[in-house]
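Asks: how does the following fold in three dimensions:
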Amino acid sequence: MDARRAELVARAQVATPPPDLRTLVTLLVRPRGETIEGAGGSAYCLRFLARALDEPSVRAAWRDTATAPASVHLVHRRIHALLRDLPHDDVERRLEWSAMVSLRLLAEHERRHHDGGSGPGALARTVRELVEMQVALLRCPTGPSSAVPE
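Replies: Sure thing, here's the model as predicted:
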């Protein structure tokens, strides 16, 4: 996943115009999704990782940004730059949520795929919908809202 993400990030760095938020989020999601149907793809990789996140020591290590690949750090910095109107801590929390949601939903897609329950184009649709959900999550307003009951 990390090698594929690094390849995609390298291409995006030289793209004109620079990548927008949707493109950056796609760089985080797509490599995980590609493990499901790619050559040599594992039938259990994402499900294993999703379950491992429930273990407190694994979750703590996962949150340790020092262990994240350089390509993830670069994408996160660019996302922060695009969302500079939001508090830094809010963006960090949302990036964590985004990664958790992505992993769990892709793990579910992995299960369906290897059980024969996903049809042609299902992975592309799943990745596209995950990206749209995460863009909305990252962009949503901060602070109290009259639409949310207290």
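Asks: so, low pLDDT: which residues of this structure?
Replies: In the predicted model of the chain, residues 38-42, 62-67, 144-150 satisfy pLDDT under 70.
Asks: now do the helices in it.
Replies: 2-13, 21-37, 45-52, 56-63, 70-82, 88-114, 122-139 (DSSP state H).
Asks: ranking these by burial, who's on top?
Replies: Highest mean neighbour count among these (mean count of other Cβ atoms under 10 Å): helix 21-37, with a mean of 20. From N, CA and C alone the C-beta is placed, and that goes for glycine too.
Asks: which residues are in contact with it?
Replies: If you take Cβ atoms under 8 Å, 6 or more residues apart in numbering as the criterion, helix 21-37 is touched by 1-2, 4-5, 8-9, 12, 15, 19, 41-42, 45-46, 71-72, 75, 78-79, 82-83, 98-99, 102-103, 106, 109-110, 113, 123, 126-127, 130-132, 134-135, 138-139.
Asks: just how off-centre is stretch 32-52 within its chain?
Replies: 14 Å (Cα atoms, centre = their mean, to the nearest Å).
Asks: for that stretch, measure first residue to last.
Replies: 16 Å (Cα to Cα, to the nearest Å).
Asks: distance check, the nearest residue to Glu132 once chain neighbours are set aside against Ile79.
Replies: Nearest residue to Glu132, sequence neighbours excluded (Cβ to Cβ, 6 or more residues apart in numbering): Arg22, at 7.8 Å. Between Arg22 and Ile79 the distance is 11 Å, computed by Cβ to Cβ, to the nearest Å.
Asks: also Ala61?
Replies: 22 Å.
Asks: what does Leu123 give?
Replies: 23 Å.
Asks: same question for Asp2.
Replies: The separation that Asp2 has from Ile79, given Cβ to Cβ, amounts to 18 Å.
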